[in-house]
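Novice: Compute the structure for the input listed below.
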Amino acid sequence: MQALFSNPFQQFEFLQSGTPKQQELARDLEDWKILKSLHGFKPTLAGTIPLDIDTDSSDVDILVKFNIPAHLQKICYAKFRNLPNYSFSEKTIALRATLICRFETKKFCYEIFGQSVEPTDQYAWIHMMVENRFLTLADSRFREEIRSLKKQGIKTEPAFCKVLDLKGDPYKTLVQWNQKSDEQFRDLLLQRGYHIIPN
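Specialist: Here you go, the predicted structure:
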């Protein structure tokens, strides 16, 4: 796992100098004090907008860690219940109790995804780190093919596995790739016909 200081995705300032959509998100997070409201739960952005593979319908995913589920539910209700389409639910995902809070601002749809483990140990974060490694190493055609599939309604993890011709459950497969070396990433991209961007 990468250390906090070495991973720009854990520092929200990267949005401020990013794409127009990322900059717009930075302003929206600040205007509605969303991250400030979740400060005690280690809020961490995940999903497609940080990776610049989002579409017009992409949500903003925020991963959080809770110690006591009722505390997160109480904060979400207090801070976000008056925003459009607010909802709060509990599910079991990958054998973990998971709390999901959804709401909208005028510009974005948000999904807060809470588990009792660190955000950087949650599968959504691991998926994003693997996806970022492929995107960083490959030429721009790779990113455009991912975005094209997403515009067709294919979810992110299945889109990556389809483009890379990886078999099996896409969500489990990407977690397994978190253990592989950059050389293995490069080899797969070359096998699939993509150019590698030099370091």
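Novice: what's near enough to touch the nearest residue to E145 once chain neighbours are set aside?
Specialist: Distance criterion CB to CB, 6 or more residues apart in numbering; nearest residue to E145, sequence neighbours excluded, is V163 at 5.1 Å. For every residue, glycine as well, the C-beta is placed using N, CA and C. Going by CB atoms under 8 Å, 6 or more residues apart in numbering, V163 touches F142, E145, I146, L149, R192.
Novice: for whatever helix or strand the third one lives in, what is the average pLDDT?
Specialist: Of the helices and strands defined by DSSP states H and E, I146 is found in helix 140-151. For helix 140-151, the per-residue pLDDT values average out at 97.
Novice: Most neighbours among the contacts of V163, which one?
Specialist: Of those, I146 is surrounded by the most neighbours, 24 neighbours in total, counting by other CB atoms under 10 Å.
Novice: Hmm, it is touching P158, no?
Specialist: No - contact between I146 and P158 fails when scored by CB atoms under 8 Å: they sit 10.6 Å apart.
Novice: how many neighbours does D61 have?
Specialist: D61, neighbours per other CB under 10 Å, totals 19.
Novice: contacting residues around the helix holding I146?
Specialist: 48, 52-55, 58, 134-135, 156, 159-160, 162-163, 189, 194-195.
Novice: can you check stretch 42-55 too?
Specialist: 9-10, 12, 14-15, 18-19, 21-22, 25, 34-35, 58-65, 112-113, 118-120, 122, 124-125, 127-128, 131-132, 135, 143, 146-147, 150-151, 156.
Novice: Give me the below-cutoff pLDDT ranges for this protein.
Specialist: 1-6 (pLDDT under 70).
Novice: Can you show me the helices along it?
Specialist: 20-31, 34-37, 69-80, 123-137, 140-151, 156-164, 170-177, 182-191 (DSSP state H).
Novice: Can you add distance to T98 and give those back as JSON lines?
Specialist: Shown next, in JSON lines, are the helices of the chain (distance: least, CB to CB, whole Å):
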{"stretch": "helix 20-31", "distance to T98": "22"}
{"stretch": "helix 34-37", "distance to T98": "19"}
{"stretch": "helix 69-80", "distance to T98": "10"}
{"stretch": "helix 123-137", "distance to T98": "10"}
{"stretch": "helix 140-151", "distance to T98": "23"}
{"stretch": "helix 156-164", "distance to T98": "17"}
{"stretch": "helix 170-177", "distance to T98": "14"}
{"stretch": "helix 182-191", "distance to T98": "29"}
